[in-house]
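Peer 1: Need coordinates for the below:
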Amino acid sequence: MSHVVSMRLQEEQLARLKRYSRTLGKTPSETSALLVEEHLRETEYALIEFRHSPQGRQVYMKGSRLTVWWVIYVAKTCFDKNAQKTADHFQKPLSWVKAALNYYAKYSEEIDVAIEDHNAANFETLQRAVPNAEILTLSLEDEG
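Peer 2: Numbering: from 1, shown residues only. The predicted model follows:
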């Protein structure tokens, strides 16, 4: 169930909200709700922050260029969700990986969708975004 909450904005704030809403392709009301939700998550979960990306708004690990979904992907696929091994891999403190795992515990569906999107990508999807992309084949054998 959703509720209507009203708030007063200064003229300049409203203008900025409208501009930002247009960049997201959302209404000012939708954008306000999104920003409140993102900020609440940032205050409730350590070391996460929302940023723009080519794929839209995503949750990142603070102090890095890594998304939470990537940290979880690596933890799950390489280290059986072992936090210490994942921290060692990324050369980050254990608390950094635990923060990602804590976020994943609550928002696993959201993170799993991002991982599914990643797994669905292939050269054909890359070539749509980068038309001049080519496959290079390298030989690791010594050509002596």
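
Peer 1: can you map out the strands along this protein?
Peer 2: With strands called from DSSP state E, the chain shows them at 48-51, 58-61.

Peer 1: State the number of residues packed around Ile111.
Peer 2: Using other CB atoms under 10 Å, the number of residues around Ile111 comes to 23. (C-beta placed from N, C-alpha, C; glycine too.)

Peer 1: Roughly how far does it sit from Leu101?
Peer 2: When CB to CB, to the nearest Å is the yardstick, Ile111 and Leu101 sit 10 Å from each other.

Peer 1: and for those two, which residues touch both?
Peer 2: Contact criterion CB atoms under 8 Å, 6 or more residues apart in numbering; residues bridging Ile111 and Leu101 by contacting each: Ile72.

Peer 1: Now do the same contact list for Lys18.
Peer 2: Contact partners of Lys18, counting by CB under 8 Å, 6+ apart, are Pro28.

Peer 1: can you pull out the helices in this protein?
Peer 2: Assigned helices in the chain, in chain order: 11-24, 28-44, 68-79, 83-90, 94-106, 108-120, 123-129 (criterion: DSSP state H).

Peer 1: circling back to that earlier point, which stretch among the strands of the chain approaches Glu30 most closely?
Peer 2: With respect to Glu30, and counting by CB to CB, the nearest of the strands of the chain is strand 48-51 at 15.0 Å.

Peer 1: Mind giving me the packing neighbours of the helix-or-strand element of the chain with minimal mean pLDDT?
Peer 2: Lowest mean confidence among the helices and strands of the chain (mean pLDDT, DSSP states H and E): helix 123-129, at a mean of 86. Helices and strands in packing contact with helix 123-129 are not found; criterion 3 or more CB pairs under 8 Å, 6 or more residues apart in numbering; DSSP states H and E.

Peer 1: quick one: that helix to chain centroid distance?
Peer 2: Distance of helix 123-129 from its chain centroid, counting by CA atoms, centre = their mean, to the nearest Å, is 21 Å.

Peer 1: send the alpha carbons of it over as PDB?
Peer 2: As requested, the backbone C-alpha atoms of helix 123-129 are provided in PDB (Å, rounded to 0.1, in the frame of the first residue of the first chain):
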ATOM      1  CA  PHE A 123      29.400 -10.700 -28.000                       C
ATOM      2  CA  GLU A 124      26.200 -10.000 -30.100                       C
ATOM      3  CA  THR A 125      24.700  -7.800 -27.400                       C
ATOM      4  CA  LEU A 126      28.100  -6.000 -27.000                       C
ATOM      5  CA  GLN A 127      28.300  -5.400 -30.700                       C
ATOM      6  CA  ARG A 128      24.900  -3.700 -30.700                       C
ATOM      7  CA  ALA A 129      26.300  -1.200 -28.200                       C
END
